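S.K.: Predicted coordinates and the sequence they were generated for:
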Amino acid sequence: MVAKLTDVAKLAGVSPTTVSRVINKKGYLSGKTISRVEEAMRELGYKPNNLARSLQGKSAQLIGLIFPNISHIFYAELIDKLEHELFKQGYKTIICNSEHNSAKEREYLEMLEANQVDGIISGSHNLGIEDYNRVTAPIISFDRNLSPDIPVVSSDNYAGGVLAAETLVKSGAGQIIMITGNDNSNSPTGLRHAGFASVLPDAPIINVSSDFSPVRKEMEIKQILTQTKPDAIFASDDLTAILVMKVAQELGIAIPQELKIIGYDGTYFVENYYPQLATVKQPLKDIACLSVDLLLKRIAGQEVKATGYFLPVSLLPGKSV
């Protein structure tokens, strides 16, 4: 059952008028009262129906997009394609940049619910299952398992890891390593790692944290190249692969004669500005179209299986292998 304003008032021990004043930030209220009301709202999962009231029951025609880093070239291109597809279907978008911050993600989620968006596409992954299960709007996830009830759309990350490893093996490389970012078994990077390891179980997997600055990453990569001395590297994302190319060139290491490199993502930016990089290409347009299609079906009340929808990847050969 959806919580009402009067339920919040009862739990907080205040009047409905006081709850309304807290929601609308009107009049003077003590910090203690505000905290009690906000805690009661969180406990009950109550969302102020601000936009819905103003629209007098009409659909907001709004979709919320929550992503961890909208300045990252991959997410920027995916968001662009999602916005384009949604606009064609008559929907506007609210873009939320969670920055890998769970508190910020929670506030954005609450804001989207309060403004009664028609649906949400989330590529973020900081919150627990309960947070997303409280949301009444239909949700589609990109690349992450947010909840057992939420469909996940992604490229086939495991197959991408297999493809990268097999390509490097066929190239004749013998000292092959993988450089990963923040890695866990359920993450896209973790699945790429697993696919790679299925072909090369003894190959070193070296972590270079996604939280490192480009300068720190360059230092780490330089150490890897000078100490480990690989003749082939699979980087779990294109930006890391580009840094590997940069450092290798500075060290006088010839690509691909002395070092072969494969990245992962294959964005428009990389394909056009770094065509020399071999990379596993994610089908961004297909991902966006499928995500929007599934979301609109859920909005329309049609049955959509809460499962994984994995789209095939391909290899952009470049000149680095």
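M.R.: Yep, that arrived.

S.K.: CA only for contacts and neighbour counts going forward, please
M.R.: Will do.

S.K.: how close does S314 sit to A288?
M.R.: 17 Å (CA to CA, to the nearest Å).

S.K.: Check the secondary structure at V8 for me.
M.R.: Using DSSP: H, G, I helix; E, B strand; the rest coil, the structure places V8 in helix.

S.K.: residues contacting it?
M.R.: 16, 19, 37, 40-41, 44, 46 (CA atoms under 8 Å, 6 or more residues apart in numbering).

S.K.: try 7 Å
M.R.: For V8, the contacting residues are 37, 40-41, by CA atoms under 7 Å, 6 or more residues apart in numbering.

S.K.: One more: G308?
M.R.: Applying CA under 7 Å, 6+ apart, the residues contacting G308 are 151-153.

S.K.: From those residues, pick the one nearest I255.
M.R.: V153 (34.5 Å; CA to CA).

S.K.: wouldn't that closest one be in contact with D143 here?
M.R.: Yes - judged on CA atoms under 7 Å, V153 makes contact with D143 at a distance of 6.0 Å.

S.K.: Got phi/psi on D265?
M.R.: Taking degrees, to the nearest 10, you get phi 140, psi -60 for the backbone angles of D265.

S.K.: Just the strands from the stretch 201-321 of the chain, written as ranges.
M.R.: 205-207, 232-235, 260-265, 278-281, 308-311, 314-316 (DSSP state E, counting those that start in this stretch).

S.K.: Pipe these into TSV and attach distance to Q175 per row.
M.R.: Converted to TSV, these look like this (distance: least, CA to CA, whole Å):
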stretch	distance to Q175
strand 205-207	12
strand 232-235	6
strand 260-265	10
strand 278-281	18
strand 308-311	30
strand 314-316	21
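
S.K.: Out of the ones you listed, flag the one nearest I120.
M.R.: That would be strand 308-311 among the strands of the stretch 201-321 of the chain, by CA to CA, at 16.9 Å.

S.K.: List the strands paired with the closest one, with their directions.
M.R.: Counting by DSSP bridges, the strands paired with strand 308-311 are strand 152-155 (parallel).

S.K.: what's in contact with the partner strand?
M.R.: Residues contacting strand 152-155 (CA under 7 Å, 6+ apart): 140-145, 282-283, 287, 291, 307-313.

S.K.: show me where the protein has helices.
M.R.: 5-12, 16-24, 31-44, 50-54, 73-88, 102-114, 129-133, 157-170, 188-199, 214-227, 238-250, 268-273, 284-299 (DSSP state H).

S.K.: List every C-alpha atom in the fifth one, with coordinates, as PDB.
M.R.: These are the backbone C-alpha positions of helix 73-88, laid out as PDB (Å, rounded to 0.1, in the frame of the first residue of the first chain):
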ATOM      1  CA  ILE A  73      32.800   9.500 -22.800                       C
ATOM      2  CA  PHE A  74      31.100   6.100 -22.800                       C
ATOM      3  CA  TYR A  75      28.200   7.300 -20.500                       C
ATOM      4  CA  ALA A  76      28.000  10.600 -22.300                       C
ATOM      5  CA  GLU A  77      27.400   8.800 -25.600                       C
ATOM      6  CA  LEU A  78      24.900   6.300 -24.100                       C
ATOM      7  CA  ILE A  79      22.900   9.100 -22.500                       C
ATOM      8  CA  ASP A  80      22.900  11.000 -25.800                       C
ATOM      9  CA  LYS A  81      21.400   8.000 -27.600                       C
ATOM     10  CA  LEU A  82      18.900   7.300 -24.800                       C
ATOM     11  CA  GLU A  83      17.700  10.900 -24.800                       C
ATOM     12  CA  HIS A  84      17.400  10.800 -28.600                       C
ATOM     13  CA  GLU A  85      15.300   7.600 -28.500                       C
ATOM     14  CA  LEU A  86      13.100   8.900 -25.700                       C
ATOM     15  CA  PHE A  87      12.500  12.200 -27.400                       C
ATOM     16  CA  LYS A  88      11.300  10.400 -30.500                       C
END
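
S.K.: buried stuff in that helix?
M.R.: By neighbour count on 16 or more other CA atoms under 10 Å, the buried set for helix 73-88 is 73-75, 77-79, 81-86.
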